[in-house]
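[1] Got a predicted structure here, sequence first:
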Amino acid sequence: MRTAPVISGIVAITCLTCSNAKAEVYSLDSCRRMALDNNKEMMIKAEKVRQAEYVKKEAFAAYLPAVDFAGGYTYNQKELSIFDSDQLLPTKSFNPVTKSYEFNVVKNPVTGEPVPGPNGQPIPSEVALIPKEAMEYDIHNVFFGAVTLTQPIFMGGKIIALNKLADINREASSALQRNEAQNVIYAVDAAYWTVVSLKAKHELAKSYVNLLDTLDRNVKLMLDQGVATQSDLLSVDVKLNEASIDLLKVENGLSLSRMALAQICGLPVHTPINVADEGCSTINPHAGIATRYDMEQVYANRPDFRALELAAMAARQEKRVAMSEMLPNVALIGAYSFSNPNMFDGFKKQFDGAFSVGVMVKIPLWHWGGNYNKYKAAASNETIMKLRLADTREKIDLQVSQAAFKAQEAVKTYLMTETNLDKAKENLRTATLGFREGVLTPDDVMAAQTAWLKAHSEHIDAIIDAQLCDVYLAKVLGTLGNQ
């Protein structure tokens, strides 16, 4: 039973299904723009940049005076009473002889001496009565509040360090956003060139099937004329079936690669999509392959390295924040306090208040080494970040060298595959001509066709590999997206 027509029918149905909707053509730049606009991680990074702006404004606000209001209400069960009963207070009269005030006491009419009471104290002859009710105050309902102003004067350098830390975090967020943009572009390019590669291999697979189909018809004619054998025909049929199956696999792979590209670009996965470089047969390097690079410029271009530098700077500021915990804090305090009832001019059940101004000083004395150990931990973190930064510099040096060598190798491989492709084409032409002349067998032609297929496939792989190596080199140089 022949399977080639069945497989060809399946391929035709697949192609018909995929072409129901007209596919729009997208260039590499348009794919990059769509991916950058729709990528969720890019949206997160952009939101983190805005968040860093708010944090910076929050840190700057610490320089300015803070104004707060606090108020409340209290219900008390009992009234306030200063005395537990009526109070009798002794009185004094002016003595012209002594020219001073003396207590009015009961005196013995004989001796003229004060008469002592049971407690041994003189008995007053006159007293002033203070009723208990006169010293009772209604505090059942108490309203109170205060408006306070706090102006930091010296916080141990914490406010300055926090503002510098906010600036660093804002710049780091921008650097991470640029780094994520490069990652997105690299992912888009990889998916884009995969579509280009599979499209080229799809056309190649169709051409290979056509070659085998032509050979199959020729062998049938030769079999009818008695110059070929049934074995020759079966060999060609087997090759044709294998090629048809490979064509179907490439067809499915191409459809999936288009879906992957659409997903990265933020489009629905089933969106029909074609790319502008389908059928590309040459390479177009952007990064500029060299043997040596200005590594300081590379470090400056790499947003991930810049983010790591900023992390080291942030660790230094965090150390200064920890140091501020061991230094005195000075702040100016101002307040306006009020209450109802109030005691500013006797006890009155009405609102009244007063201003107050002062200075607050806080000096850490003894915390069992807690603040000091916190500072040492921050210093250790700074050392770790410096070591990590130095290690990253060395890795970037190696990464750039590897990417440059790989890009050079890809270009050389591309040039070699061009030569091999020309030879494979000539070999196929010669084999086809020899078959027509009857000096070569179908196996010889199929061997030439297989070599032609391999040379074309290697040529396509070399083109795509050169493009991807160029993109990767631009990424490690920090110039991806700047072309």
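    Thanks, I have the structure now.
[2] okay, CA-based contacts and neighbour counts for the rest of this
    Will do.
[3] neighbours of Met360, just the number please.
    Neighbour count for Met360, taken as other C-alpha atoms under 10 Å: 12.
[4] ditto for Ala70
    10.
[5] measure the closest residue to Met323 other than its chain neighbours to Val361 for me?
    Nearest residue to Met323, sequence neighbours excluded (C-alpha to C-alpha, 6 or more residues apart in numbering): Tyr375, at 5.8 Å. Separation of Tyr375 from Val361 (C-alpha to C-alpha, to the nearest Å) stands at 22 Å.
[6] next one: Ile463
    For Ile463, the distance to Val361 - C-alpha to C-alpha - is 72 Å.
[7] partners of the biggest strand by length in the chain in the sheet?
    Looking across the chain with DSSP state E, the single longest strand is strand 141-154. The sheet places strand 141-154 alongside strand 66-75 (antiparallel), strand 329-340 (antiparallel), with pairing taken from DSSP bridges.
[8] can those strands go into JSON lines with extra columns for distance to His270?
    Formatted as JSON lines, the strands paired with strand 141-154 follow (distance: least, C-alpha to C-alpha, whole Å):
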{"stretch": "strand 66-75", "distance to His270": "57"}
{"stretch": "strand 329-340", "distance to His270": "63"}
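[9] Looking at those strands, which one is packed in the most?
    strand 329-340 (a mean of 18; mean count of other C-alpha atoms under 10 Å).
[10] Restrict it to CA atoms and write it as PDB.
    What follows is strand 329-340, C-alpha atoms only, in PDB (Å, rounded to 0.1, in the frame of the first residue of the first chain):
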ATOM      1  CA  ASN A 329      19.500  61.700  67.300                       C
ATOM      2  CA  VAL A 330      18.400  65.300  67.700                       C
ATOM      3  CA  ALA A 331      15.000  66.700  66.800                       C
ATOM      4  CA  LEU A 332      13.100  69.900  67.300                       C
ATOM      5  CA  ILE A 333       9.600  69.300  68.800                       C
ATOM      6  CA  GLY A 334       6.700  71.800  68.700                       C
ATOM      7  CA  ALA A 335       3.100  71.100  69.800                       C
ATOM      8  CA  TYR A 336      -0.200  72.700  70.500                       C
ATOM      9  CA  SER A 337      -2.200  70.600  73.100                       C
ATOM     10  CA  PHE A 338      -5.800  71.200  74.100                       C
ATOM     11  CA  SER A 339      -8.500  69.500  76.200                       C
ATOM     12  CA  ASN A 340     -12.000  69.800  77.400                       C
END
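[11] as a whole number, average confidence for the helix or strand where Thr417 lies?
    Per DSSP states H and E: Thr417 is located in helix 370-437. Over the span of helix 370-437, the pLDDT mean works out to 93.
[12] following it, which helix or strand comes up?
    Taking DSSP H and E, what comes next after helix 370-437 is helix 442-477.
[13] And that following helix, what does it pack against?
    helix 158-225, helix 230-264, helix 370-437 (3 or more C-alpha pairs under 8 Å, 6 or more residues apart in numbering; DSSP states H and E).
[14] bridging residues for Gly334?
    Beta-bridge partners, per DSSP bridges, of Gly334: Leu149, Val357.
[15] so what pLDDT did it get?
    Note on Gly334: pLDDT of 95.
[16] same check, this time on Asp443
    So, for Asp443, pLDDT stands at 89.
[17] how many other residues sit next to it?
    With other C-alpha under 10 Å as criterion, Asp443 counts 13.
[18] So this structure: which segments form each domain?
    Domain assignment for the chain by automatic domain parsing gives 4-66+156-328+367-477, 87-130.
[19] Which stretch among the ones you listed approaches Tyr137 most closely?
    When the domains of the chain are compared by C-alpha to C-alpha, domain 87-130 sits nearest Tyr137, at 14.6 Å.
[20] So Ala228 belongs to a strand, correct?
    No. Under DSSP: H, G, I helix; E, B strand; the rest coil, Ala228 falls outside any strand and is assigned coil.
[21] nearest residue to it other than its sequence neighbours?
    Met222 (5.3 Å).
[22] Over to Arg32?
    Ile185 (5.8 Å).
[23] so what's the closest residue to Lys475 other than its chain neighbours scoring on pLDDT?
    Closest residue to Lys475 apart from its sequence neighbours, by C-alpha to C-alpha, 6+ apart: Gln182 at 6.8 Å. pLDDT, Gln182: 94.
[24] Quick one: neighbours of Gln182, just the number.
    25.
[25] Surely it is in contact with Gly481?
    Yes. Counting by C-alpha atoms under 8 Å, Gln182 touches Gly481, with 6.8 Å between them.
[26] Roughly how far does Met259 sit from Thr413?
    30 Å.
[27] now do Pro341
    94 Å.
[28] Understood, closing this out.
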